[in-house]
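Peer 1: Using only what follows, build the 3D model:
(chains A and B)
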Amino acid sequence: VTYTLLAGLKVLEVGRLISAPYCGKLLADMGAEVTKIEPPVTGDPARQYGPFLNDDPHRERSGLFLYVNANKRGVTLNLTTPTGQRILRDLVARSDALVHNLPVQDMGRAGLDYEGLSRINPGLVMASITPFGLTGPYRHYNAYDINLAAAGGICSGLGKADGEPLTFGTPQVGYFAGMAAASSIVMALLARDNVGAGQHIDIAEVESMAGVYNGPEALMAVYQWRMTRRTGHHALDFPYPNCILRCKDGYIFVGAPEGRQWRQLLEVMGSPKWSKDPRFRNRTEMNNRYADELDSYLESWLMQYTKAELLDIALEHRIPLAPVRGYDEVRHDPSLADLFVAIDRTDTGPLPSPGPPYRLPDAESKPPSPAPHLGQHNEEVYCQSLGYTREQVVKMYQTGIV
Amino acid sequence: MNALGNNRGPLDGYRVLDFGWVLAGAIPGMVLADMGAEVIKVESRQRLDYMRMGRPIVGDQPDPEQHPMFHNVNRNKLSITLNTIHQPAIELARKLVTRCDVVIENFSPGVMDRLGLGYEGLRRIKPDLIMASISSTGQTGPLRNLRAYAPSIGALAGLDSTLGYEGGRPLGLKHAYGDICGALHTVFAIVAALYQRQRTGRGQYIDLSMLRATVATQGVGLMEYVMTGRVMQPRGNYDPTMAPYGNYPCEGEDRWVSIAVATDEEWQGLKAALGGPAWTADPKFASRYGRLKHRHELDRHLAQWTAGRSAETVTELLQSHGVAAVPVMGAEERLFNPHFRERGLYADIDHPALGAEPIFNLMWNLSQTPSAIRRHAPLMGEHNRQVFCGILGMSEQELKSLEEAQVIY
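Peer 2: Numbers count the residues shown, from 1 in each chain, chains lettered A, B, ... in the order given. Reported below is the predicted structural model:
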């Protein structure tokens, strides 16, 4: 489903991989008209990232690209040429917002100069997503997801004490930067009449993690409540249990922050003898001192049940158990069926991927459209919107501009 | 200062009634308040926000005014106390709704309806209301009554299934990923609804499931299954397009540096930064494909090189050659890091109970209407008079008697 709350809003996206494209997707899934500008020939590097349909590498069949670029129009444009930059300015004049995630040092070369663009369109809201922001000593730093997770506070606490710090299993930081940019753009547009102009938004990917995501944790360090340490599948200083344990057909998260939940769990387990052990009175101490021993007691009970059976037990007895689900289970969870939209591309057939993650029961909606082929909307945008002739577009193609 | 000559945020003039609590419910209101909205947090001594509980920093008595986490995610808000077990408190809340633009809540599904504060009822008294309900697994569906916390969401969404060493067990994330992910998607839905309301006068109800929000950020993992039928397992520090890609040991106790190399240009930069040791000339590392194929061997060589150097030295040297390298930082390191200090990631804010304490900034930097921390998190009921007398026109006497009756409590 695609909602229409942002109908009429015109957005340009010069996006690669996840951050700016996810910003564009959030806006597009709410009804904004998002035009994605890709470099000619290669396109967005997400087209090379995969995963590819049936493991057949093809720039039109990359799962990451197809997911984060659904509902957009796509054009190709070489922004490093004077003609390319002139066309960009023509597009900017007709747009409300522009989001990009080119590095600071490449912005000027690509014509992404806020001062210049705002002279063409004073109402323009421009969001620049960069790894470390537009200011500060690290502003030119190169960084990928693991670097942003490392500085953003994910890695230091993830892993075993005797192993290297871990990062996410798949790229995650870009989604947070994309959310920050999308909300900031809409807020700047809400304020545009009051301010009397657009504005430039500076989003640092690392801060979209370090700020909102785990900013509060810094306070714990200051007060030395909870130092960052890697403790494997256990979390330090939480009441036991708060960990992922084995069950019959996989793994299950077992938690019980409230005392009554722990008592309920013990009752469901048949009030085992070990639970009367005087060492097991203070659950935080149980967690910090006896977790391995307790894991074996709990696992011997959990191993009798499948994830599905344990989920039923969780629902019936109101105990916080949650199966660690693989992506196949997530995809086929019937309660998430309407989250997935099957976008039909003639070259791939229908491909399910998540639509907007919120439900707006009173909002109008329309069917989603698939991610664009490379340069799919060149004619629509250059000829119909900007008034170039077909001949001119052909010339621009021949000279590597589109 | 912006063109208007003030430092108000873009949401200046909007008012929010915020029933949100703990993290997922508190953060949307925090963001809106940072951005200039007047956010009124509805609390009660009869049902304390969990974030107000915990070990006291000063003294040894539990004190709801001492929790730094609460101070972080509730800065800029006003606090009123309404004891919703009393009907007059519900009536006051309903009156306030008519004076607000947005309502936020994250009680268990159904609670707001039972209190008489459900969306269907509220839209009758405030037709253009925007209301957001945040829950673990949505307001409807078979999982709606599952007791679920942030780690449950990471498990259910697939996020945890790939978090772990290659071939090892899933470890689970130690942060409140699902809460924050849900909260930030909520903010976006709210501002989009405000945008629509500005143009059409329509209200909106937002049903935000933290599970769905987290699933939406699982692009690569989900699409791996959709496109190939394969189900990802824990895979350590791995990216299918990069090698080296990992955290490498450095000089000092538990010090590490993250290094990632994608392009051939970056590989040449790394070779130059290392001074071209013999192993880097091995032809099997010459191509991106070769580096990925032999990544474990590559990791061993690189780890030997980083081991005798500080994370900061490695970072500066590699970045000067265009290679992505950044130290693994704990919260305490970020707090004192020169880059984050210059950008103002943390602000020292005075709180009546604890004095100056670092509060993280939102860092959504809008040039004309920047976010700002304008005041410390509120004390319980600190703004009862301002809100009930100032906004609802209640008399001092009435306020006093409602306080005595523990309605305003």
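
Peer 1: For the host helix or strand of residue A:297, which helices and strands make contact with it?
Peer 2: Assigned by DSSP states H and E, residue A:297 belongs to helix A:283-302. Counting contacts by 3 or more C-beta pairs under 8 Å, 6 or more residues apart in numbering or on different chains; DSSP states H and E, helix A:283-302 is packed against strand A:242-247, strand A:250-255. C-beta: built from backbone N, CA, C; applies to glycine.

Peer 1: Go again with 7 Å.
Peer 2: Judged by 3 or more C-beta pairs under 7 Å, 6 or more residues apart in numbering or on different chains; DSSP states H and E, helix A:283-302 is in contact with strand A:242-247.

Peer 1: residues touching residue A:161, list them.
Peer 2: A:229, A:230, A:231 (C-beta atoms under 7 Å, 6 or more residues apart in numbering or on different chains).

Peer 1: Narrow those residues to just the buried residues.
Peer 2: If you count burial by 16 or more other C-beta atoms under 10 Å in any protein chain shown, the buried members of the contacts of residue A:161 come out as A:230, A:231.

Peer 1: In chain A, where is pLDDT below threshold?
Peer 2: For chain A, residues meeting the criterion pLDDT under 70 lie at A:213-228.

Peer 1: Am I right that residue B:347 is in a strand?
Peer 2: Yes. Counting by DSSP: H, G, I helix; E, B strand; the rest coil, residue B:347 is part of a strand.

Peer 1: ok, residue B:314 touching residue B:306?
Peer 2: Yes. Counting by C-beta atoms under 7 Å, residue B:306 is a contact partner of residue B:314 at 5.5 Å.

Peer 1: So these two - more neighbours on which side?
Peer 2: residue B:314 (27 against 23; other C-beta atoms under 10 Å in any protein chain shown).

Peer 1: Surely that one forms part of a helix?
Peer 2: Yes. Applying three-state DSSP, one finds residue B:314 inside a helix.

Peer 1: which residues does it contact?
Peer 2: Here residue B:314 is in contact with B:250, B:257, B:306, B:325 (C-beta under 7 Å, 6+ apart).

Peer 1: Equivalent analysis for residue B:130, please.
Peer 2: B:101, B:102, B:190, B:193, B:194, B:197, B:203, B:204.

Peer 1: mind showing which ranges of chain B have poor pLDDT?
Peer 2: B:1-7.

Peer 1: go again using 50 as the cut-off
Peer 2: B:1-4 (pLDDT under 50).

Peer 1: Tell me which stretches of it form strands.
Peer 2: B:15-18, B:38-43, B:78-81, B:102-105, B:130-135, B:204-209, B:245-250, B:255-260, B:324-327, B:346-351, B:355-360, B:365-366 (DSSP state E).

Peer 1: partners of the shortest one, with directions?
Peer 2: With DSSP bridges as the criterion, the sheet partners recorded for strand B:365-366 are strand A:200-204 (antiparallel).

Peer 1: who's in contact with the partner strand?
Peer 2: Here strand A:200-204 has contacts from A:114, A:125-134, A:177, A:180-181, A:184-185, A:188, B:363-367, using C-beta under 7 Å, 6+ apart.

Peer 1: so the helix or strand hosting residue A:128 versus strand A:200-204, what angle?
Peer 2: Element membership for residue A:128, per DSSP H and E: strand A:125-130. Counting by axes from the mean of the first three to the mean of the last three C-alpha atoms, to 10 degrees, strand A:125-130 points 20 degrees away from the direction of strand A:200-204.

Peer 1: Any chance of the contacts of residue B:130 in TSV with distance to residue B:128 and neighbour count as columns?
Peer 2: Below are the contacts of residue B:130 laid out as TSV (distance: C-beta to C-beta, whole Å; neighbours: other C-beta atoms under 10 Å in any protein chain shown):
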residue	distance to residue B:128	neighbour count
B:101	8	23
B:102	11	28
B:190	13	30
B:193	10	30
B:194	10	22
B:197	6	19
B:203	4	20
B:204	9	26
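
Peer 1: Tell me the one of those nearest residue B:278?
Peer 2: Of all these, residue B:190 has the smallest distance to residue B:278: 58.2 Å, by C-beta to C-beta.

Peer 1: mind listing the helices for the stretch 151-300 of chain B?
Peer 2: Using DSSP state H, counting those that start in this stretch, the helices of the stretch 151-300 of chain B run over B:177-200, B:210-216, B:219-228, B:264-274, B:288-293, B:295-307.

Peer 1: What residues sit buried inside the fifth one?
Peer 2: Meaning helix B:288-293. For helix B:288-293, the neighbour count (16+ other C-beta under 10 Å) marks B:288, B:291, B:292 as buried.
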